[in-house]
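**Student:** What follows is a predicted protein model with its sequence.
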There are 6 protein chains.
Amino acid sequence: MRPSGRAIDAMRPISIELSPTRYAEGSCIIRCGETHVLCTATVDERVPSFMKNTGLGWVTAEYGMLPRATHTRMRREAKNGQSGRTQEIQRLIGRSLRAGIDRNALGERQITVDCDVLQADGGTRCASITGGWVALRMAVNNLMKAGLVKTDPIIDNVAAISCGIYAGQTVLDLDYAEDSEAGTDGNFIMTGSGKMIELQASAEGATFSRDQFGQLMDLAEKGVAELVAAQNAAVA
Amino acid sequence: MRPSGRAIDAMRPISIELSPTRYAEGSCIIRCGETHVLCTATVDERVPSFMKNTGLGWVTAEYGMLPRATHTRMRREAKNGQSGRTQEIQRLIGRSLRAGIDRNALGERQITVDCDVLQADGGTRCASITGGWVALRMAVNNLMKAGLVKTDPIIDNVAAISCGIYAGQTVLDLDYAEDSEAGTDGNFIMTGSGKMIELQASAEGATFSRDQFGQLMDLAEKGVAELVAAQNAAVA
Amino acid sequence: MRPSGRAIDAMRPISIELSPTRYAEGSCIIRCGETHVLCTATVDERVPSFMKNTGLGWVTAEYGMLPRATHTRMRREAKNGQSGRTQEIQRLIGRSLRAGIDRNALGERQITVDCDVLQADGGTRCASITGGWVALRMAVNNLMKAGLVKTDPIIDNVAAISCGIYAGQTVLDLDYAEDSEAGTDGNFIMTGSGKMIELQASAEGATFSRDQFGQLMDLAEKGVAELVAAQNAAVA
Amino acid sequence: MRPSGRAIDAMRPISIELSPTRYAEGSCIIRCGETHVLCTATVDERVPSFMKNTGLGWVTAEYGMLPRATHTRMRREAKNGQSGRTQEIQRLIGRSLRAGIDRNALGERQITVDCDVLQADGGTRCASITGGWVALRMAVNNLMKAGLVKTDPIIDNVAAISCGIYAGQTVLDLDYAEDSEAGTDGNFIMTGSGKMIELQASAEGATFSRDQFGQLMDLAEKGVAELVAAQNAAVA
Amino acid sequence: MRPSGRAIDAMRPISIELSPTRYAEGSCIIRCGETHVLCTATVDERVPSFMKNTGLGWVTAEYGMLPRATHTRMRREAKNGQSGRTQEIQRLIGRSLRAGIDRNALGERQITVDCDVLQADGGTRCASITGGWVALRMAVNNLMKAGLVKTDPIIDNVAAISCGIYAGQTVLDLDYAEDSEAGTDGNFIMTGSGKMIELQASAEGATFSRDQFGQLMDLAEKGVAELVAAQNAAVA
Amino acid sequence: MRPSGRAIDAMRPISIELSPTRYAEGSCIIRCGETHVLCTATVDERVPSFMKNTGLGWVTAEYGMLPRATHTRMRREAKNGQSGRTQEIQRLIGRSLRAGIDRNALGERQITVDCDVLQADGGTRCASITGGWVALRMAVNNLMKAGLVKTDPIIDNVAAISCGIYAGQTVLDLDYAEDSEAGTDGNFIMTGSGKMIELQASAEGATFSRDQFGQLMDLAEKGVAELVAAQNAAVA
């Protein structure tokens, strides 16, 4: 029995609120149950210097958590710099979003996706990827409307979900209560057409079998399909 | 004529949304026109070591701005540490809120007020103080309901407003368009009963007369009265 | 009764020693009672990049305190970086001095005013501004003697004094004993002709009335007039 | 055709040199082709404070690369701090090694495994895990010989290998030439008995299918088996 | 011919002004020609933790240079931390002063000697040691007067002088003009009775013979004797 | 009697292993008894900006110690930045190696010598200089073979040895057991022809006589001669 009473393969309710801020070229707040992330996409017509004159665009991401997004207050990151965990997460978000982009079609400009967690209940990196894609989609739409980009550089949706082994069972979309107890947990980042972008599964102080990993992947495929549907409904 | 078309002594619309996050002991989003700040109050039963065994409580504050709270994206503070400006603002917020607190009645515990700017259009430090007081009020209410605090430690409301000299005229509640052009601007932090907590007025590369300062103070008294009314309506 | 026995409106003795160091383009040691600050002005023919080709000059300031300038030794700032307080003070000094400068007449060059506190007994930021102006005046004189600057870019004197409410009375020029006990203290930066550049008044854990603030301003005007006279006597 | 001429499923030659340094409680140099890593295990009878009085031991890891371990010299990490990549790698090594340890049997002590790359040709994190386990095994042997540990806390071997998709083919044990060109690459950390500890597979700017991932896992199982055999031969 | 016209073995004029600051337990400004250093000694009745309950005292030193102590302004160290050069110098000062102290007689307390260069014209580290000893002597005198220390812990004077090879000649007490051109320069720290505490001689991009080093040492012995006489005259 | 049983003037066994790494332009592992240092020389055709268009080359050095090079593990320098001691050592190595180089003949390019201590038993900075010269010699040989450098820029060998006063006796080549107990220890850096590059002798909390220093220098001359012979044998 899951703490939330959800079925093994049941996601938390998903909602995507568009344009919560007025300045960003694209933005949304994604809510996966009690995990809420503000995602903004900023278009910069300059690219990093190593990319100059390549004709290619770039998508990068940054991630942060407000100090009281969590049950107990965390030290503000601006006070002692980004942790290794934060850097790892934001590199993951950037890599994942780039997998859904045709950098040639985007042209020589950079889009920065900021994912700031307003409230955390597990799965913040997955929500950031899923919501980040929506902000990116909106920013690209604006570029196309403005005629700055001719061919849609977005190849496919990108979405992410966590799965894990909780109390001996493989479960979909871990919340914090499950995440903190799970023997194994993993993040599955996929495209709208079901291709894999990144898989991570880790067993802190434990192990899992190849069979169990297969079950996690089945759950993940189901979850990502639901997220992609929600993305498409939001930006329709 | 002000860019927004407002009268000289007209505030922007104020709204205060209570409890936008589920974990903090008190929280609100305050919106002063297009300036939006998420304020949370966290109660910690431990005080800093220099305060141990004094029987006195402490209120402190931290301030941050999301990277895309502004027209153009700012560098994330977690990447290179808090700027001097940020530190100056958060010390101001903490000092101001402490002026409205009876530290004896609060008892030996600490309340940390986090003010995170979601969207900025001028006056973020004033909005942080005004909204921070609401979060603090809610957290104290919870302490009293729980019987941990017997006498209300909140002596009075604390609110803040900016005024300045824009295009030669003294105006109330500067927005960003005015703030970036103003010859003189000031912040006025006051109590509900109209006492002064902190006054700051500064003329970058210019000067102002004692008379003009008197006019700014008249405007500030009007503005703070409206903010205090909004606070009281919100927490009623 | 003030700890020093001074009258309510009595300043500490002021002395300004010119050119204590041989290399700086302008320098002085200002002594306000037991507060002693070494001020040097350095002329740099290059301006910061954001100012290039504007034809405008710039004046900036830095502030520091020697570790044993105080009653008990403080940790050396070079060991853990400038505190927020130090950054706040040096920005204040820079802003204040710029208010007395015609940046056009100065021409595209930068003057850096360093204020290093040799001994501290309250009021170090005000002494830094008052002494910093003397160093700046001397450096500008040298630029004019050398024919590099044609029209005097110094519009007016700039000086600063602290006032506060000590033991219920408004007093002029707080020393450390008063400053550490004062309910309210403020810094008043003005020009030689009595215009305001910056006002700050703060009541840590307390409040003050508009009337009391008016009295503080009366005292400040008296004090600044005396400082301006001392500046003019020194550089005559 | 692979740049090295190896077959699709061929590992590079593995060698493990024991005790290259005289002070560490366990140490080896592992050489996987031209990737050479010095691994040392340090036993500390004190555990981190969060582990005190739990009766449980701890294994942690740190990772570094000498500046000229690579084709072109890299900036020395001691000059600007550990990169996010380095922190991510050393957390992975620590997590992986802990999965092979019975922390109860280890008792309240900490073992730190340092992995320093002397020469790099791809796969340094995998070589660090495989060699780190050997150093850990030796340190534990010494604890058992000294009678400080009664029951062998090492549950199973831990080893790691990279696989990826290079020029459209799934290949085992990527060297640098392959790694820098691969569309997808992954790290597979497993136990001696073939259980999974951690899986990571990532496609920078591309995707892969579930089938392809299955092939990568087949290769990984073959590779880890060879590494485990080499570990056992070394410490026999 | 030396730039200053001094004879090969002539020191610059030395003066030692006692007690320039009112708070430090011992202080002086030492002037060696145009090199001026403010030295203060602070007594702290607590020792660093590694020294607790040993019954031994400790003497340590810190060193700094004001930004405009030099011909052209240097970046303020508080802005980017102490340079390696600064750390090297302050460790040298501390080691040197400790060589003249009986740590047993001093008793379990720490004396911190701060050496802040107000104006620099070569030889600042040597002036810091020589002046630092005077500040230390005064602080110890105060401890003895107060009855906190019974037996004089100061065994002997400690003084330092630089010598070098300038324009092919060995010369005593290099000023900046010589120092910046010298092929070889060295620092000689000795006791009042002529014993060596520390010798350093370095030839940037050049070499010197053992004979030349002997001549440098002759000069140094002459110089230190003069410094010791000046110290004794000052504290008599 | 020395802890190692060596005669007063006996060096530890020296070995120099060439080219332990495949990428560096020159490299060796030098072993002086149980002190082992990996030295690599990296040629960079760009010089630092302050050297551009001077026609002169530059040699610089960096130094590090692996965490478990020592008896007890040291904190990894990449975690909190290079210590002052490390910076002091690497500047010494760079200065010393430059003394043996004709920067004109080297031409406008930079060689960086990295010295990483694999195992430490005293004398690591001296071993770094001696081994660093070998790596430099090899890199220069490669430049000459490639025709990039016409005239040999290496003027002479550079080697270094420590001497000290242990148990009242002057001894050659201190190992860690002696170093940690020695009243006085010094480092002597010389050329192949016996000229001095840098001398350092220091007595922590003690003193030494000019006579004793003469004996240390005699020992050093003997030791350096042996090191130079070993260098020449290695690179022959």
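**Tutor:** Looks like it came in fine.

**Student:** all contacts plus neighbour counts: C-alpha atoms, from now on.
**Tutor:** Will do.

**Student:** Now residue A:131: closest residue in space, sequence neighbours ignored.
**Tutor:** Spatial nearest neighbour of residue A:131, excluding adjacent residues (Cα to Cα, 6 or more residues apart in numbering or on different chains): residue A:30 at 5.5 Å.

**Student:** quick one: least confident helix or strand in chain A?
**Tutor:** helix A:77-80 (a mean of 89; mean pLDDT, DSSP states H and E).

**Student:** List the buried residues for the helix or strand following it?
**Tutor:** For helix A:77-80, the following helix or strand on the C-terminal side (DSSP states H and E) is helix A:84-98. Across helix A:84-98, burial judged by 16 or more other Cα atoms under 10 Å in any protein chain shown covers A:84, A:86-98.

**Student:** Stretch A:6-22 now?
**Tutor:** So stretch A:6-22, judged by 16+ other Cα under 10 Å, has buried residues A:8, A:11, A:12, A:14, A:15, A:16, A:18, A:19, A:20, A:21.

**Student:** Quick one: end-to-end length of it, please.
**Tutor:** Start and end residues of stretch A:6-22 are separated by 36 Å (Cα to Cα, to the nearest Å).

**Student:** before we move on, what about stretch A:168-178?
**Tutor:** Start-to-end, stretch A:168-178 (Cα to Cα) is 12 Å.

**Student:** Contact partners for residue A:123?
**Tutor:** A:35, A:161, A:162, A:173, A:174, A:175, A:176 (Cα atoms under 8 Å, 6 or more residues apart in numbering or on different chains).

**Student:** right, is stretch A:92-99 up against chain D?
**Tutor:** Yes. Stretch A:92-99 is in contact with chain D by Cα under 8 Å from any Cα of the partner chain, via A:95, A:96, A:98, A:99.

**Student:** should've said stretch A:187-202
**Tutor:** Yes. Contact of stretch A:187-202 with chain D (Cα under 8 Å from any Cα) involves A:195, A:196, A:197, A:198, A:199, A:200, A:201, A:202.

**Student:** wouldn't the first one be in contact with residue D:206 here?
**Tutor:** No. With contact taken as Cα atoms under 8 Å, residue A:195 and residue D:206 are classed as non-touching, separated by 9.4 Å.

**Student:** picking up where we left off before, of all the contacts of residue A:123, which two lie farthest apart?
**Tutor:** Using Cα to Cα, the contacts of residue A:123 reach their maximum pairwise distance at A:161 and A:176, which is 13.7 Å.

**Student:** where does chain A come near chain E, residue by residue?
**Tutor:** Counting by Cα under 8 Å from any Cα, no residue of chain A lies close to chain E.

**Student:** what separates the residue of chain A most remote from its centre from chain B, distance-wise?
**Tutor:** No residue in chain A sits farther from the centre than residue A:53, which is 29.7 Å out by Cα atoms, centre = their mean. Separation of residue A:53 from chain B (Cα to the nearest Cα, to the nearest Å): 23 Å.

**Student:** same thing with residue A:151?
**Tutor:** Note on residue A:151: its distance to chain B, by Cα to the nearest Cα, is 26 Å.

**Student:** so what's that residue closest to, chain neighbours aside?
**Tutor:** Nearest residue to residue A:151, sequence neighbours excluded (Cα to Cα, 6+ apart): residue A:105, at 5.9 Å.

**Student:** The contacts of residue A:123 in strands, which ones?
**Tutor:** In strands, judged by DSSP state E, the following of these are found: A:35, A:161, A:162.

**Student:** can I assume residue A:192 is in contact with residue A:159?
**Tutor:** Yes. Using Cα under 8 Å, residue A:192 is in contact with residue A:159, at 7.5 Å.

**Student:** Now the common contact residues for the two.
**Tutor:** Here residue A:192 and residue A:159 share the contacting residues A:224, A:228, scored by Cα under 8 Å, 6+ apart.

**Student:** Between these two, tell me which one has more neighbours.
**Tutor:** Here residue A:192 and residue A:159 are compared on neighbour count by other Cα atoms under 10 Å in any protein chain shown; more neighbours surround residue A:159, at 31 against 20.

**Student:** Now do the helices in chain A.
**Tutor:** Secondary structure of chain A (DSSP state H): helices at A:77-80, A:84-98, A:103-106, A:124-145, A:176-179, A:210-235.

**Student:** comparing the ones you listed, which gets the lowest mean pLDDT score?
**Tutor:** Here the lowest mean pLDDT among the helices of chain A goes to helix A:77-80, at a mean of 89.

**Student:** Does chain D have contacts with it?
**Tutor:** No. For helix A:77-80, no contact with chain D is found by Cα under 8 Å from any Cα; the gap never falls below 13.3 Å.

**Student:** Now that helix: buried residues?
**Tutor:** Going by neighbour count (16+ other Cα under 10 Å), the buried part of helix A:77-80 is A:77, A:78, A:79.

**Student:** coming back round to it: pull the most distant pair out of the residues of stretch A:92-99 next to chain D.
**Tutor:** Longest span within the residues of stretch A:92-99 next to chain D, Cα to Cα: A:95 and A:99, 6.5 Å.

**Student:** Report the set of residues contacting both of the two.
**Tutor:** D:204, D:205.

**Student:** any idea how far residue B:64 is from the nearest residue to residue A:82 once chain neighbours are set aside?
**Tutor:** Excluding the flanking residues, the one nearest residue A:82 by Cα to Cα, 6+ apart is residue B:78, at 5.5 Å. Distance of residue B:78 to residue B:64, given as Cα to Cα: 10 Å.

**Student:** Also residue A:100?
**Tutor:** In this view, residue A:100 and residue B:64 are 32 Å apart by Cα to Cα.

**Student:** ok, now residue A:188?
**Tutor:** Distance, residue A:188 to residue B:64, using Cα to Cα: 32 Å.

**Student:** Smallest distance to chain C belongs to which residue of chain A?
**Tutor:** For chain A and chain C, the shortest gap (Cα to the nearest Cα) falls at residue A:79, measuring 12.0 Å.

**Student:** can you pull the contacts of that residue?
**Tutor:** Contact analysis of residue A:79 by Cα under 8 Å, 6+ apart lists B:78, B:81, B:82.

**Student:** Take these and lay them out in JSON lines including distance to residue A:130.
**Tutor:** Below are the contacts of residue A:79 laid out as JSON lines (distance: Cα to Cα, whole Å):
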{"residue": "B:78", "distance to residue A:130": "23"}
{"residue": "B:81", "distance to residue A:130": "28"}
{"residue": "B:82", "distance to residue A:130": "29"}
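
**Student:** Pick the one among the residues you listed closest to residue C:168.
**Tutor:** Minimum distance to residue C:168 across these is 36.9 Å, recorded for residue B:82 (Cα to Cα).

**Student:** and which of the buried residues of helix A:84-98 is nearest chain F?
**Tutor:** Using Cα to the nearest Cα, residue A:84 comes nearest to chain F of the buried residues of helix A:84-98, at 12.0 Å.

**Student:** residue contacts, the closest one?
**Tutor:** Per Cα under 8 Å, 6+ apart, neighbours of residue A:84: D:84, D:87, D:88.

**Student:** any idea what sits nearest the most centrally placed residue in chain A, other than its immediate chain neighbours?
**Tutor:** Taking Cα atoms, centre = their mean as the criterion, residue A:129 is the residue nearest the geometric centre of chain A, at 1.3 Å. Nearest non-adjacent residue to residue A:129, counting by Cα to Cα, 6+ apart: residue A:93, 5.6 Å away.

**Student:** in stretch A:186-206, what counts as buried?
**Tutor:** A:186-192, A:194-206.

**Student:** just to revisit the earlier point, restrict the buried residues of stretch A:6-22 to those near chain B?
**Tutor:** Applying Cα under 8 Å from any Cα to the buried residues of stretch A:6-22, one finds that residue A:21 fall near chain B.

**Student:** Report the two of the buried residues of stretch A:6-22 separated the most.
**Tutor:** The widest separation within those (Cα to Cα) is 35.7 Å, between A:8 and A:21.

**Student:** For residue A:23, which residues are in contact?
**Tutor:** Applying Cα under 8 Å, 6+ apart to residue A:23 gives the contacts B:68, B:69, B:70, B:71, B:72.
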